[in-house]
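Novice: Sequence first, then the predicted structure, then my questions.
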Amino acid sequence: MAQTDTDRQPDEPQGPQGLDRHLLRRIITYLMPYKGWVALAFVLVMAAAFLGPLRPRLVQVAIDDYIVAGDLDGLRRMVLILIAVLVGEGVLSFINAYLTQWIGQQAIYDLRTRVYRHIQRQSLRFFDRTPIGRLITRTTSDVESLSDVLSAGVVTILGDLFRIVFIAYFMFSLNWILALVTLAVVPLMLGITMWFKQKVRVQYRETRKQVARLNSFMQEHVTGMTIVQAFNREREEMRRFRAINDDHRAAQIKTIFYFALFWPAVEIISSVALGLVIWIGGLRAMTGTLTLGVLIAFIQYARQFFEPIRNLSDQYNTLQSAMAGAERIFGLLDEDHAIEEAAAPVRIDRLRGAIEFRNVWFTYDDLPADGSEPNWILRDVSFKAEPGTSVAIVGATGAGKTTIINLLLRFYEIQRGQILVDGIDIRQLRLADLRRHIGLVLQDVFLFSGSVEDNITLGDPSITPEQVRAAAASIGADRFIQRLPAAYGQDVRERGASLSHGQRQMLSFVRALVYDPEILVLDEATSSVDTESEHLIQEALEKLMQGRTSLIIAHRLSTIQHADQILVMHRGELRERGTHQQLLALGGLYRKLYELQYKEQERTAA
């Protein structure tokens, strides 16, 4: 079966199999804004780490010094001290658990915000090459995989390490022989842990990869469900989904297999250590060289000693999962395709609207390293649009019409030439300034979940409801909006599913006009509206274009006959330019396009 973008992950990080200290340091940097709270959590966890090992020591004192001696008053004091230690440990554990989770969630919020901000900055070239489902995985589950590490991982690991130190101190202070007996199994424990970490790191990476594949497939096919159903591809797409889902299941099961081996091995080793303590300690107690209190304390210490080791193994597993997610997150953050802003940009408040393309060459591909000619989409394109004039761009599909718009808005960077607005190279303008003065209406309209008014203003508080209604009224969009049950407050649902295609396109037209741009860019703006709506828009355009520079892409030549200038594109080159009548008289490409459309209209009418 041929693989698609959702089936393969060519850019998956393949880092080292051990703990990557560089990645770990990058993860920990997100805790630095909260270092004061982290320090407090560390102090609390150290206190709790000391109180836990203190309990068996108190039990030993209670048995040997008070129970054996029959000192009831002393025993009461020891019981009260034990209760105080237990309560103190419980309170510290509660405060520490809440505090570390609070710190972690703050850090996760910061990281997810940075990832989303980074995605927003990228040029369209980045989104052309990156499946959307993969970006969703990075922002959601990959970031979430760092939650445990940032929440309690680092502090808990340090706490467990100090708990081991405190336990070892108390054991050696009581009886160094039993202490060595307890520690005798540690090398075996470390060997099993090292084997486990090597295996599980690979599996965690594979699991994250399969999650990304699953998300990419789901996002793509739910969005394109209309095509799947229209072409009866449900069975084939289900087969592909099952294959991807099966790979995800296999990766998860293999991870579970290693856990199923590891945890029983840890339990067996800790039980062996406990058995050795009971056997050797019991023999010494029988000969009178060891007190009963010390033996009981060591039994408790043997249990306690392997608990933080098990916790450290568990935390290491969590850390391995986090490292796999971190590789992917930081790989995304390190991959920067953002449009470069000028170091000292030119500030503009208003534009006259002059546009000039000067010897522009452009390709969507990377320039070949061997110096060979790439697949140029635009070839040496030059034209001017004077302020307040309308310029139409026509040509066959793939001629480069939409590319011109993408370059004007600087969604992509040109490889050669210049694009100027009011005589200023657009690379010298801030992207926000450039795009604020250009109103864009695309053929493929995208509406967000929310009200009609929200989709027009896009949440901009500077746009008043009066401005929204005036813009809608200027093109007649208010007629259908007022007929909606909640008018401008009507929820359009995801991608505008509750509206017709023509209504969605008219809303996008209002969205562009409400910002009162000096330049209007219309990409097939009337291609999906009915004849009545098209007439309404055309009437409004005659008023709206006054004083504005308009760049119009249209397949219907009847809609651009009155343009001040018509540019005819063919295979990335500007072949003809002039008015409608001039181009007809020229008898070239434009005339052929016009005659083809005229004949098609005649056949349709007949």
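Specialist: Good, I have the coordinates.

Novice: Buried ones in the helix or strand hosting Met171, by neighbour count?
Specialist: For Met171, the host element (DSSP states H and E) is helix 154-174. Residues of helix 154-174 classed as buried: 154-157, 159-160, 162-164, 166-168, 170-171, 174 (neighbour count, 16 or more other CB atoms under 10 Å). (Each C-beta comes from the backbone N, C-alpha and C, glycine too.)

Novice: Please name the residues that touch Gln120.
Specialist: By CB atoms under 8 Å, 6 or more residues apart in numbering, Gln120 lies in contact with nothing.

Novice: mind checking which helix or strand it is in?
Specialist: helix 72-121.

Novice: so how far is that helix off the chain centroid?
Specialist: Here the centre of helix 72-121 is set off from its chain's centre by 29 Å, with CA atoms, centre = their mean, to the nearest Å.

Novice: what angle sits between it and helix 154-174?
Specialist: Inter-element angle recorded for helix 72-121 and helix 154-174: 150 degrees (by axes from the mean of the first three to the mean of the last three CA atoms, to 10 degrees).

Novice: residues making contact with the next helix or strand along the chain from helix 72-121?
Specialist: Where DSSP H and E defines the elements, the next helix or strand beyond helix 72-121 is helix 124-129. Residues from elsewhere that reach helix 124-129, judged by CB under 8 Å, 6+ apart: Glu335, His337, Tyr364, Asn406, Phe411, Tyr412.

Novice: What of stretch 61-74?
Specialist: With CB under 8 Å, 6+ apart, stretch 61-74 has contacts from Leu75, Met78, Val79, Leu82, Thr291, Leu292, Gly293, Val294, Ile296.

Novice: Against Leu92, how distant is the third one?
Specialist: With distances taken as CB to CB, to the nearest Å, Val79 is found 20 Å from Leu92.

Novice: More neighbours: which of the two?
Specialist: It is Leu92, of Val79 and Leu92, that has more neighbours when counted by other CB atoms under 10 Å, with 20 against 13.

Novice: Now, of the contacts of stretch 61-74, which are buried?
Specialist: Burial by neighbour count, judged by 16+ other CB under 10 Å, picks out Leu75, Met78, Thr291, Gly293, Val294, Ile296 from these.

Novice: C-alpha coordinates for the host helix or strand of Gly502, CSV please?
Specialist: Counting by DSSP H and E, the element that carries Gly502 is helix 501-513. What follows is helix 501-513 as a C-alpha-only set of coordinates in CSV (Å, rounded to 0.1, in the frame of the first residue of the first chain):
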residue,chain,number,x,y,z
HIS,A,501,-21.5,28.6,0.2
GLY,A,502,-22.7,31.9,-1.2
GLN,A,503,-23.6,33.3,2.2
ARG,A,504,-20.2,32.3,3.6
GLN,A,505,-18.5,34.1,0.7
MET,A,506,-20.5,37.2,1.3
LEU,A,507,-19.5,37.2,5.0
SER,A,508,-15.9,36.9,4.0
PHE,A,509,-16.4,40.0,1.8
VAL,A,510,-17.9,41.9,4.7
ARG,A,511,-14.9,40.7,6.8
ALA,A,512,-12.5,42.3,4.3
LEU,A,513,-14.4,45.6,4.0
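
Novice: Tell me the helices and strands packed up against that helix.
Specialist: If you count contacts as 3 or more CB pairs under 8 Å, 6 or more residues apart in numbering; DSSP states H and E, helix 501-513 packs onto strand 438-441, helix 452-457, helix 465-474, helix 531-544.

Novice: returning to what we had before: which of the buried residues of helix 154-174 lies closest to Glu220?
Specialist: The closest of the buried residues of helix 154-174 to Glu220 turns out to be Val154 (CB to CB; 37.2 Å).

Novice: How confident is the prediction for that closest one, by pLDDT?
Specialist: For Val154, the pLDDT comes out at 72.

Novice: who's in contact with it?
Specialist: Contacts of Val154 (CB under 8 Å, 6+ apart): Ile28, Leu31, Val38.

Novice: wait, doesn't the second one sit right on Leu150?
Specialist: Yes: Leu31 lies in contact with Leu150 (CB atoms under 8 Å); the separation is 6.4 Å.

Novice: Between these two, point out the one with more neighbours.
Specialist: Using other CB under 10 Å, the more surrounded residue of Leu31 and Leu150 is Leu150, with 26 against 20.

Novice: Wait, that one touches Ile108, no?
Specialist: Yes: the pair Leu150 and Ile108 qualifies as a contact (CB under 8 Å) at a distance of 6.0 Å.

Novice: elements contacting the helix or strand following the helix holding Gly502?
Specialist: Tracing the chain C-terminally past helix 501-513 and defining elements by DSSP H and E, one meets strand 519-523 next. In terms of contacts (3+ CB pairs under 8 Å, 6+ apart), strand 519-523 is packed against helix 401-408, strand 438-441, strand 549-553.

Novice: Where is the longest helix in the chain?
Specialist: Of all segments of type helix in the chain, defined using DSSP state H, the longest is helix 234-286.

Novice: helices or strands up against that one?
Specialist: Contacts defined by 3+ CB pairs under 8 Å, 6+ apart place helix 234-286 against helix 176-183, helix 186-223, helix 292-334.

Novice: So which elements touch the longest one?
Specialist: If I follow you right, that is helix 292-334. Counting by 3+ CB pairs under 8 Å, 6+ apart, helix 292-334 packs on helix 21-28, helix 35-61, helix 72-121, helix 143-144, helix 154-174, helix 176-183, helix 186-223, helix 234-286.

Novice: Now do the contacts for Glu356.
Specialist: Ser382, Phe383, Lys384, Ala385, Gln418, Ile419, Leu420, Val421, Gly423 are the contacts of Glu356 under CB under 8 Å, 6+ apart.

Novice: Spatially nearest residue to the last one, not counting backbone neighbours?
Specialist: This points to Gly423. Nearest residue to Gly423, sequence neighbours excluded (CB to CB, 6 or more residues apart in numbering): Ala354, at 6.7 Å.

Novice: How much space separates that neighbour from Ile167?
Specialist: From Ala354 across to Ile167, the span is 78 Å (CB to CB).

Novice: Leu378 contacts Trp361, correct?
Specialist: Yes: with contact defined as CB under 8 Å, Leu378 reaches Trp361; the gap is 6.2 Å.

Novice: if we can go back for a sec, looking at the helices and strands packed on helix 234-286, which is buried most?
Specialist: By mean neighbour count, with neighbours taken as mean count of other CB atoms under 10 Å, helix 292-334 ranks first of these at a mean of 21.

Novice: Give me the neighbour count for Thr397.
Specialist: Other residues lying near Thr397 total 7 when counted by other CB under 10 Å.

Novice: Many thanks, I have nothing further to ask.
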